[in-house]
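Student: need a 3D model of the sequence below.
(2 chains)
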Amino acid sequence: MATPRPFTSQGSSLRARSHIAADAVVLLGVAVLFWLVIQLSHGITAPFDQVTAPSTVSTDPANLPYYAARSLLRMFAALAVSVLFTFVYATAAARSRRAEKVLLPTLDVLQAVPVLGFLSITLSVWLLLFPGTALGVEFASIFAIFTSQVWNMTFAFYQSLITQPRDLDEAARLLRLTKWQRFWKLDVPYGTIPLVWNGMMSFGGGWFFLIASEVISVNNRVYALPGIGSYVAAASQNEEIGRLLLAIGVMIVMVIGVNFLFWRPLTAWAERFRTGDTVTVEQQRSIMLDLLRRSVIPAVIARVLRPVGVGLERITRPLGRSDRPLRVNPTRRRIGDIVFTVIVCALIGLGLVRMLGYISDNVGLDQFAVAAGLGLATFARVLVLLIAGTLIWVPIGVWIGLSPKVTRFAQPVVQVLASFPANFLFPFVTLLLIQTGVSLNIGGIFLMALGAQWYILFNVIAGAAAIPNDLREAAINLRLGRYHTWRYLYGPAIFASWVTGGITAAGGAWNASIVAEVVSYGDQTLTATGLGAYIASSTADGEFAKTLVGVTVMSLFVVGLNRLFWRPLYGFAERRLSLT
Amino acid sequence: MTASPAPGRTALIEAEHLSKSFPAADGSVLHVLDDVTLTLHEGEVVALLGKSGSGKSTLLRTLAGLIAPSSGEVRYRGAPLNGANPGAAMVFQSFALMPWLTVQDNVELGLRAAGVPDKQRRQRALDAIDQIGLDGFETAYPRELSGGMRQRVGFARALVLQPDVLMMDEPFSALDVLTSENLRGELISLWARPDFPTKSICIVTHNIEEAVLLADRVLVLGSGPGHIKAEVPILLPRPRDRRSPTFDAAVDRLYAILTGRDERSAAERAAVPGPLTHPLPDASVGGLAGLVEIVYAHHGQADLPDLADELSFHVDDLLPLVDAARMLGLLDIDGAQAFLTDTGRAWYTADIQRSKEVFATLAVEHAPLVATIVTALENSDGGALRDDFFRDLLRRGYNADDTEKQLDIAIDWGRYGELFDYDANTGELVLSEIAAALSAMLISRDTDNDGGQAP
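Tutor: Next up is the predicted model:
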């Protein structure tokens, strides 16, 4: 049986190569960047009211196909932008020594910034860039999806660039390929498999943010884009349970359909880029791909595009060969490094002072303490979620993973569950909370768990399925009891997978807190005490300084926990509990 | 030592006083090449022969302009290199073909880079494919081909560029014996053709016979750091016959140079052997026992090249074992002959417990690192020390990888000889006697407890 892959959009946080000092500097830099963005959009009030986007959409089921198509378009637009960004950013980080020093820690931190925090911060800029049209809101939504997908893909591609087999790199240089040729003949093919798989994982996570970003409330106004997410929001507003269920059905069809028509063929096609001799026993198969392979259309398209490729190859020739000079002047390099570092640090420092000034002028620096306190409340929720999720899903995951038959059936289901945007279910849970009178302070945990818990389950299944059969037979042969089997076999064997699942679940939960700590059904709105609610409400009220504080503090929490908790655990698992 | 220039021939690649050192992860410096000077001339095949760790691949890559030397200079036709050598094409041990390109596209890749027009490119690639015996496989992907066929693609890809110098990095060592023999033969007949555009071949190998078979000149590299230990011209007429006595004589001579004492390294080494000057050869106790057993079965005397051949080993695989056996005094080496010593005989014929004791004595006497560890443990409080202590010690002479390797070998030997125990969890080395006493105490306490709880 083919070993299932881990399912995570946070893998890179575990294998980051930056230092904690670099992280700290970059975190400040990112905060400064956010502040700049807010500054840029300061004259915001005027164009705001002229935006023609409505605040709600019709819930007529006849509109649903159109809405679904619009949502899908947003997803693919974001994916396309993500791929472009990945190519440029990862290549720059891998090929330029100096750029790497900045780009890599930046990536590390950006990944920890809550996606909806990005949205809150940049929203005003998008609205300002496209005044008077709904295009700004449209771009903001695509941007939110983009930020949920891109870091992970970039990391994967960067990783593949720097782990290229040395002999292929040497062959490319000795054959004197141009930079462009090398990129398309070596870099991209070698990175295709990780890029496609990470793209698929990230795409699954992206639905959540699509739904969350189609209805945006900012600066005391609500904007709704035509899409399946806003449809759900409207149905929830109008208390139309039947239409909610309908939307869920459409959503499931969409998730499965995209998987069948797009990702499955793509992953099967990407198999041709596998290096090494091993022909995997269980080939990725796709009916869709077989169909495409039999048709003449791809060949026709290839023939049409061929002159374009030749032309590009010629145009890019002046960019030079993919070789590096053997001789460098160490003194000049050293001076360059110092100048570079000083400039970067000075810019960040200057920005930091100005940003703190901005915050203290608007809301006061004590808001950091307020946000940190609220952050602890949200952190407590994340913690409960992780513990409960572990207790429930680890045994189930191991049970599924140990039985190939169940795995084959359960894994795609869990994958769909993990991709399914949990915020679709929020209205139902909210209704339940309203009727039972349970506080959102407790119920919020459940809302956050709706999306996050599946990562634990999925990864534990993958980990359990990878336990070698002979070890299990040995355990049976030694007559280990249930306790000892868990203690000496299952526990150590799935630990790394659990860490991967845990960090992904935690990241998802922090993100979800922004939409899960303020929920409404009909006219009733529930609010929990927490950092997520703080960010959501300050964005809705147009208090950007508070949003900035909230997002910064949340990023700090996530980066800190990754650093101090998850990474050491993962390091331990890799060192001591590796099965190979 | 300087490779002597052959008068009247055009020098293609000249390397002068090449040294190469890499910074190790812990800040120390790892020297790979030391003051290597050589010249590749038109019309000759040069083999770089050496054990692993002699820097032969690094040397080849420096000549190819893939790696910058730390000091010294490489010139191609008189022009100093600052990037990939424009006159060189390389054939890799691992083939280094793009798995996602067909045979044809792989062969065309270099021409495409050179901007050769479409039609001409296709024709030249087809000719090269034809020449190297790959016709019919143009549309195949490398993974569909056997190792030998893949290396043919590697040759075609290099030769289609009509390079001045064909560089080969152990091109046959990933192939089985018959296939590599066959490919070597084809290479020789290509080289013999008057219209063969390549003017010189430089091959890196650890296979002595291969060097003698192919080369006009063999440069033997010594290790620690890599340097040219000897230059041996091979004046045998072509085609060369493996069974001729002159061929054998050349092989034996190279073998003796390769395994022989290295004056230059020896001079650098301290008078008293220590863990930093005398690294433990990378050999397991099991491997040592195997080697001694074979020599014993050969009535206590074996010809090493024959032995390697018989076991279908490469020199590389056998040499660490031979070095270790010699270090411990289990074997005597004279030229290419190995003799079982009395100690070796005693070790091999003893029963398990006794052989462990013999091994322990030998290791403490002759393996500097094992001796150091035992002495340090004996002098420590409680007979236990952290592995980091020894790691720090070793780092002064080795890079991070070699430090771990040395420690692993010493632990393997020490454990087998029951000199000390190692706890991987705590990273603690404990003298065996003390560990034994401690566990005896624990067991007796356990049984006491059990006894107490018994009704």
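Student: most centrally placed residue in chain A?
Tutor: Closest residue to the average C-alpha location of chain A: A:S148 at 3.6 Å, with CA atoms, centre = their mean.
Student: give me phi/psi at A:G357?
Tutor: phi -60, psi -50 (degrees, to the nearest 10).
Student: go on, B:G224?
Tutor: Backbone torsions for B:G224, taken as degrees, to the nearest 10, come to phi 70, psi 70.
Student: what's the first helix or strand after the lowest-mean-pLDDT helix or strand in chain B?
Tutor: Of the helices and strands making up chain B, the lowest-confidence element is helix B:263-268, at a mean of 48, by mean pLDDT, DSSP states H and E. Using DSSP states H and E, the helix or strand that follows helix B:263-268 in sequence is helix B:285-297.
Student: in that next one, what counts as buried?
Tutor: B:285, B:287-289, B:291-292, B:295-296 (16 or more other CB atoms under 10 Å in any protein chain shown). (C-beta placed from N, C-alpha, C; glycine too.)
Student: and that helix, what does it pack against?
Tutor: strand B:301-303, helix B:315-327, strand B:331-334, strand B:337-340, helix B:342-349, helix B:400-416 (3 or more CB pairs under 8 Å, 6 or more residues apart in numbering or on different chains; DSSP states H and E).
Student: can you do 7 Å?
Tutor: helix B:315-327, strand B:337-340, helix B:342-349, helix B:400-416 (3 or more CB pairs under 7 Å, 6 or more residues apart in numbering or on different chains; DSSP states H and E).
Student: just the angle for the third one relative to helix B:285-297, thanks.
Tutor: Direction vectors for helix B:342-349 and helix B:285-297, defined by axes from the mean of the first three to the mean of the last three CA atoms, to 10 degrees, enclose an angle of 110 degrees.
Student: off-centre distance for helix B:342-349?
Tutor: 29 Å (CA atoms, centre = their mean, to the nearest Å).
Student: state the pLDDT value of residue 282.
Tutor: As the question left the chain open, I've gone with chain A. A:E282 is assigned a pLDDT of 52 by the prediction.
Student: sorry, I should have been clearer: chain B.
Tutor: Predicted confidence (pLDDT) for B:D282: 86.
Student: the nearest residue to it once chain neighbours are set aside: how many residues sit nearby?
Tutor: The shortest distance from B:D282 to any non-neighbouring residue, by CB to CB, 6 or more residues apart in numbering or on different chains, is to B:P320 (4.6 Å). B:P320: 20 surrounding residues under other CB atoms under 10 Å in any protein chain shown.
Student: so the residue nearest the centre of chain B: helix, strand or coil?
Tutor: When CA atoms, centre = their mean is applied to chain B, the residue found nearest the centroid is B:S52 (1.7 Å). Assigned with DSSP: H, G, I helix; E, B strand; the rest coil, B:S52 falls in the coil class.
Student: and it, how far from B:G224?
Tutor: From B:S52 across to B:G224, the span is 12 Å (CB to CB, to the nearest Å).
Student: which parts of stretch A:81-89 are buried?
Tutor: A:81-83, A:85-87, A:89.
Student: surely A:M288 and A:L266 touch.
Tutor: No. Contact criterion CB atoms under 7 Å: A:M288 and A:L266 do not qualify, at 9.3 Å.
Student: my guess is A:R321 contacts A:A172. True?
Tutor: No. In this structure, A:R321 is not within contact of A:A172 by CB under 7 Å, at 9.5 Å.
Student: now B:W347: how far from B:S284?
Tutor: Counting by CB to CB - B:W347 and B:S284 are separated by 15 Å.
Student: can you check B:E231 too?
Tutor: Taking CB to CB, one finds B:E231 at 35 Å from B:S284.
Student: can you put the helices and strands packed on helix B:285-297 in JSON lines and add mean pLDDT?
Tutor: JSON lines is the format used below for the helices and strands packed on helix B:285-297 (pLDDT from 0 to 100):
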{"stretch": "helix B:315-327", "mean pLDDT": "80"}
{"stretch": "strand B:337-340", "mean pLDDT": "87"}
{"stretch": "helix B:342-349", "mean pLDDT": "89"}
{"stretch": "helix B:400-416", "mean pLDDT": "88"}
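Student: nearest to A:R182, of those?
Tutor: helix B:400-416 (29.4 Å; CB to CB).
Student: quick one: check the closest one for contact with chain A.
Tutor: No. Counting by CB under 7 Å from any CB of the partner chain, chain A has no neighbours in helix B:400-416; the shortest distance is 13.1 Å.
Student: next SSE after that helix?
Tutor: Heading C-terminal from helix B:400-416 (DSSP H and E), you reach strand B:420-423.
Student: and that following strand, which residues are buried?
Tutor: B:420-422.
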